[in-house]
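J.: after the sequence you'll find the predicted model.
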Amino acid sequence: MTRLEILEKVLTQMRGLVVVDHENKIVFLNEEYAGMIGLNPVEVIGLPVKEVIPASKLPVVVESGKAILGDVYYVVGKPTVCNRLPLKKDGVLIGAMSFEVFGEIQQSDKLFESLQELHTQLDYYKEKLKRFSGARYSMADIIGSSSVVVKLRKDILRSACTNSTVLVQGETGTGKELVAHALHRESLRAHYPFVKLNCGAIPTELIESELFGYEEGAFTGARRKGKKGKFELADKGTLFLDEVSQLSMAAQVKLLRALQEKEIERVGGETPITVDVRIIVATNNDLEEMVKEGSFRADLFYRLNVIPIKVPSLRERRTDIPALVERFANKYGDQAGLSSVSVAPEVLTLLSEQEWPGNIRELENAVERAIGMCNSNILDTNHFEWLLPKSRKGIIATDGKTLEEAKTEFEKNMIINVLQSTGNNIKKTAELLNIDRSFLYQKMRRFGIQYR
C-alpha cells in the first residue's frame, strides 16, 4: 500500500473523525460518523461546523489553540469519549480535528454515567472556587461578533496559557477590567485568588502599604500584627492593577523590583517574602507616550508590556451595538420589574449613530436611563430624547416589533446599504462591517439578501 492509501485507510477507520480549517469550516467528515448523524459527508464540506454539528467544541480549539482531551460527548444520545486537537503547520494553527477515543466502550453506560457525574461535580466545585477567587466576569460576558471582538477573545485565550505579564490598554469604558477577569478565569490560576487594586484611587503615601503590606508598628495607625498587601493576598493567583499609569515614580520603582525579583518586603519589614503572582495591568493612557514624556519609567513599561492586549472602542465595533443593547435592556428591565423589553428599530439606528466617547459604559448608562424613563415594555426614540438631534426630538416611533425583529431589520438594512456602497464587493463589505466574510455570508443567507 502507498502512503496515501494508508492515510485514507486511517481516516476512514477513525471513529467520529471531524476535521475543520482555521475558519471552522469542515474539510473532512468520515462516512461512519456522517451516517450516524444522518448527513452526506461530501455535502457538508465547506460548511461551518456549528451549522452541521451545533454542539461541536472544535471552534473552542481553533480559537484557543489548546487541545481538549478525554471529553465525554454524546452522539445521537449515546455517550462516548473524544479528543480534540489543534492542527499546526510551521507553528501556525491551520485547523483542528476531533475523534472518538473509546468507541468500543460506548455500551458501558454505567462507566459513562459515573464519568458524567464526576464531571458535573467537578464543574460545580470549580465554579464555586472561581466565584470565591474574586473574578466575577468570564468570556461569556464579552458580547459581540465583530472581527475585533473575535480577535479580543482569541488574544485572551492565548494569553491565558502563559504566566507572562499582560498590559490591557483601551479607552475609558471599553471593558478592560472585564478582560482581566476573563483572562484569570481562563488561566491555570483560575482556582486561586483574583485580587484587584485601583492605583488611581489610593493616595500616593498609602500605595506601598497597599501593594506590599506592613508590619506591626510600621507607622502611626498601623494595625496590630500588621497587614498583608495585595501581592501576598494574590499569591498563586492573579493581581490586577487598574490605572497603573497613576503610580508615582517611587511606587513604580517598588513595583519594578517586585516583578524582577518575584519577592516583596512589607513596609517596616526586614525579611523578603517570595510571591508567585501573575500580573495584569490596565490603563487608558498611552504608556509608551508617557515614557517619552518622562512620566513613566521605561524599564517598568518593558516589564509590563510583555503581552499587550488592545480593547477596541465601541466606535470600532458598531455592529455589536444591537447585542449589547439587548443585554442591557434585559438586565435593567428585570431590575425595573418589566417582564420583557423590546427595542424599536429606530432606537438601534439612533444608538449606532452616536460617537460614544464613554464607550460601552456610556451605552449601558444610556439604556439604564431610558429604562428608568420607560412606562411600557417598548423602548422607542422618545426614551432617548437627550440623544436626538433637534430636528428629530418629539418624534415617537413604536411599531410593536420585538427586540429580535428590530435587531434583524437593523442588521439587514446595514448589510444592504454597505453592499450597495461597495458595488456588491463582499470583501470590502466585510471589512467595512468589521466582520469575517464567512460570517457575512451566513448573515446574507439568513436575511435572504441576494447579490451579483
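T.: Noted; the coordinates are in hand. Being a predicted model, the structure only gives us computed values, none of them experimental.
J.: can you report how many residues lie near Thr408?
T.: Residues near Thr408, counting by other C-beta atoms under 10 Å, number 17. Placement of C-beta: from N, CA and C, glycine included.
J.: which non-adjacent residue is nearest it?
T.: In space, and not counting its chain neighbours, Thr408 is closest to Phe447: 7.1 Å by C-beta to C-beta, 6 or more residues apart in numbering.
J.: and the one you found, what's its pLDDT?
T.: According to the prediction, Phe447 has pLDDT 82.
J.: contacts only, for it.
T.: Contact analysis of Phe447 by C-beta atoms under 8 Å, 6 or more residues apart in numbering lists 408, 411-412, 415.
J.: rounded mean pLDDT for the helix or strand hosting Ala34, please.
T.: In this structure, Ala34 sits in helix 31-36 according to DSSP states H and E. The average pLDDT within helix 31-36 is 79.
J.: pull out the buried positions in it.
T.: Neighbour-count burial for helix 31-36 flags 32-34 (criterion: 16 or more other C-beta atoms under 10 Å).
J.: which intervals of the stretch 251-400 of the chain have sub-threshold pLDDT?
T.: By pLDDT under 70, the low-scoring segments of the stretch 251-400 of the chain are 390-400.
J.: one more pass at 50, please.
T.: 391, 393-398 (pLDDT under 50).
J.: which residue ranges form the helices in it?
T.: Assigned by DSSP state H, counting those that start in this stretch, the stretch 251-400 of the chain shows helices spanning 287-293, 298-304, 321-335, 345-353, 359-373.
J.: can you tell me which of those helices is nearest to Leu241?
T.: helix 298-304 (8.9 Å; C-beta to C-beta).
J.: so what does that closest one touch, helix or strand wise?
T.: Applying 3 or more C-beta pairs under 8 Å, 6 or more residues apart in numbering; DSSP states H and E, one finds that helix 298-304 contacts helix 249-261, helix 287-293.
J.: if we go to 10 Å?
T.: strand 166-169, helix 249-261, strand 278-283, helix 287-293 (3 or more C-beta pairs under 10 Å, 6 or more residues apart in numbering; DSSP states H and E).
J.: got a list of contacts for the first one?
T.: Meaning strand 166-169. Outside strand 166-169, the residues that touch it by C-beta atoms under 10 Å, 6 or more residues apart in numbering are 155-156, 159-160, 174-180, 183, 238, 240, 242, 244-245, 278-288, 301, 303-311.
J.: and it, how far out from the chain's middle?
T.: Computed by C-alpha atoms, centre = their mean, to the nearest Å, the chain-centroid distance of strand 166-169 equals 14 Å.
J.: ditto for stretch 331-345
T.: That offset, for stretch 331-345, works out to 25 Å (C-alpha atoms, centre = their mean).
J.: check the separation of the first and last residues in that stretch.
T.: End-to-end span of stretch 331-345 (C-alpha to C-alpha, to the nearest Å): 19 Å.
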